[in-house]
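sequence and predicted structure below; questions after.
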Amino acid sequence: MGKIESFGKPKVRVIFFLLLFVVILGVCTFLWFFLKKEKTEEVFDPNDIVTTSVDVPDEEVPKEYIVPADLPKRIVMPSIGVEGYIQLVSIDQYDRIAVPSNVHVAGWYINSAKPGEVGLSIIDGHRDGTRVGGIFRDLEELKSNDEFSIEYGDGSKRNFIVIEVKQVSVEDAYDLMYEKREGVEKQLNLVTCGGTYNKRERTYEDRIIVISEGI
């Protein structure tokens with residue numbers, strides 16, 4: 001009996017610790033997946049409409065998020081190596097189109113047509129952050145006949161071809177940005193800063209405007 005008892009106790013302890021290890025591993029695995037999912041989905045609410053332009057936008061690279069099926073989600077421009085999400089923007093505190101709250105994100109102006117629909121659509125984006133380049137840093141490198149796409153929340157895509165790339169003064173940019181080309185049924189204008197940076201005004205003196213057409 002003594003031998004059986006002395007052999008059994010260590011065996012029970014081993015089984016107990018193995019079970020405890022499995023339980024702890026399971027809990028840790030669950031927490032890892034849960035926290036990862038929370039971090040992935042809780043970057044910013046894509047349904048929020050940006051109405052305030054900030055001098056120092058967020059520079060953290062956003063994670064995956066979900067938008068309604070009928071709203072633009074992502075812009076992809078292979079010729080200049082751009083791929084980024086799209087926010088909704090409206091008029092800001094200066095009565096201008098607001099810029100996105102994140103340098104890696106473009107902003108669709110909600111008072112313009114949805115990209116790919118009949119009419120004029122406008123999407124803006126940052127050229128620079130304080131430490132990193134913005135989503136439209138190389139926008140002026142686009143060329144006529146370059147193609148790019150806008151992906152919607154349901155995964156569908158609207159394709160565009162570049163008609164013209166223009167660099168104009170801030171004063172001239174307003175009219176050009178809202179200019180609808182005759183004969184272009186589905187027009188999308190992309191807008192960012194360009195030219196010389198004015199340190200006193202803390203802004204660029206020009207604007208880059210890419211005029212494109214849905215195909």
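Alright, I've got the coordinates.

okay, and the spatially most central residue of the chain sits in which element?
In the chain, the C-alpha nearest the mean C-alpha coordinate belongs to Y85, at 2.2 Å (CA atoms, centre = their mean). When secondary structure is defined by DSSP states H and E, Y85 falls within strand 82-89.

any idea of the mean pLDDT for that strand?
Predicted confidence along strand 82-89 averages 96 (mean pLDDT).

okay, domains of the protein per the record?
For the chain, automatic domain parsing gives the domain ranges 1-42, 49-214.

show me the beta-bridge partners of the residue nearest to the centre of the chain.
Here Y85 shows beta-bridge partners R74, assigned using DSSP bridges.

can you pull the contacts of it?
Contacts for Y85 (CB atoms under 8 Å, 6 or more residues apart in numbering) come out as P46, P62, Y65, K73, R74, H104, V105, A106. (C-beta placed from N, C-alpha, C; glycine too.)

just to revisit the earlier point, most packed of the domains of the chain?
Per residue and on average, the most neighbours among those fall to domain 49-214, with a mean of 17 (mean count of other CB atoms under 10 Å).

show me where this protein has its strands.
With DSSP state E applied, the chain shows strands at 49-50, 72-77, 82-89, 106-109, 119-124, 147-152, 157-169, 186-198, 203-214, listed in chain order.

among these, which is nearest I97?
Closest approach to I97 among the strands of the chain is made by strand 106-109 (5.1 Å; CB to CB).

residues contacting the closest one, please?
Around strand 106-109, the neighbours that count as contacts under CB under 8 Å, 6+ apart are 50, 72, 75, 84-90, 97-100, 114-115, 121-125, 135-136, 190.

can you show me the CA trace of that strand as PDB?
Extracted in PDB, the C-alpha atoms of strand 106-109 (Å, rounded to 0.1, in the frame of the first residue of the first chain):
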ATOM      1  CA  ALA A 106      -7.600  60.600 -47.400                       C
ATOM      2  CA  GLY A 107     -10.800  62.500 -47.000                       C
ATOM      3  CA  TRP A 108     -13.900  62.300 -49.200                       C
ATOM      4  CA  TYR A 109     -15.800  65.600 -49.100                       C
END
